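Visitor: sequence isn't available, so here's the structure alone:
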Ligand SMILES: [Zn+2]
């Protein structure tokens, strides 16, 4: 076994950790979550508006209902008085009839407004139930999304603990200066999280560059714990 084989094992664990973290970070649910939350705020605001509108219309309808009842009582009272046996002259009789006529007209117009309001309330009610079902759907979806994120985060967290434990054991057998060179390269962009590569058939296993044979002989002659890096990608080469 190559002296530096454990470095490649450390790298496998590190890459597995990257993959696990990416899996969590790139979850489509993370994009869906704020979108659903934003939609819910809008739904709840439309719902609150509709509920407030219904309350206003109901209050108005109630008021008109009372006015209708009052007008009916007024008509009734005037009628009782008109025919109570008290004698009335012609002018009084005409005035009575005209007044009753006006009250009847008022009653009709109030009743029409009341009907309109009842229809408007019905329309608001249907908007309310639409928004309520949208809200319920949205919340069910939100719950699912939060559960998926939580589940994956849990899995990733235990996976990372497992990987860290394994890494700690293996990394002990890698000389510190090689490990830190590996970590420096690994942290660089465009390295795919890989700071080490196998040197095989005269090629760097990372960037695939073919090393000149003189360079190869020099590298192979170096002591095992010597830091050898690919001249092109700077990865620590494992002979
Ligand atoms: Zn290379």
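Guide: That came in fine, so what should we check first? Since the model is a prediction, treat every value here as computed from it, not as a measurement. Numbers count the residues shown, from 1 in each chain.
Visitor: and the nearest residue to residue 135 once chain neighbours are set aside, what does it touch?
Guide: Once its chain neighbours are removed from consideration, residue 135 has its nearest residue in residue 43; the separation is 4.9 Å (C-beta to C-beta, 6 or more residues apart in numbering). For every residue, glycine as well, the C-beta is placed using N, CA and C. Taking C-beta atoms under 8 Å, 6 or more residues apart in numbering as the contact definition, residue 43 lies against 131, 134-135, 138.
Visitor: buried residues, stretch 112-121. List them.
Guide: Neighbour counts using 16 or more other C-beta atoms under 10 Å place 114, 117, 121 of stretch 112-121 among the buried residues.
Visitor: format these as a markdown table; extra columns: distance to residue 212.
Guide: Formatted as a markdown table, the entries for the buried residues of stretch 112-121 read as follows, by distance: C-beta to C-beta, whole Å:
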| residue | distance to residue 212 |
| --- | --- |
| 114 | 98 |
| 117 | 92 |
| 121 | 88 |
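Visitor: so which of those is the closest to the ion?
Guide: Sorting those by distance to the ion puts residue 121 at the head of the list, at 75.2 Å, by C-beta to the ion.
Visitor: so that closest one versus residue 146, what's the distance?
Guide: With distances defined as C-beta to C-beta, to the nearest Å, the gap from residue 121 to residue 146 amounts to 36 Å.
Visitor: also residue 118?
Guide: When residue 118 is compared with residue 146 (using C-beta to C-beta), they lie 41 Å apart.
Visitor: just residue 187 next, same as before
Guide: Noted for residue 187: a distance of 33 Å to residue 146, by C-beta to C-beta.
Visitor: neighbour count for the two, which is higher?
Guide: The residue with more neighbours, out of residue 187 and residue 146, is residue 146; 13 against 10, by other C-beta atoms under 10 Å.
Visitor: what about that one, which SS state?
Guide: At residue 146, secondary structure determined by DSSP: H, G, I helix; E, B strand; the rest coil is helix.
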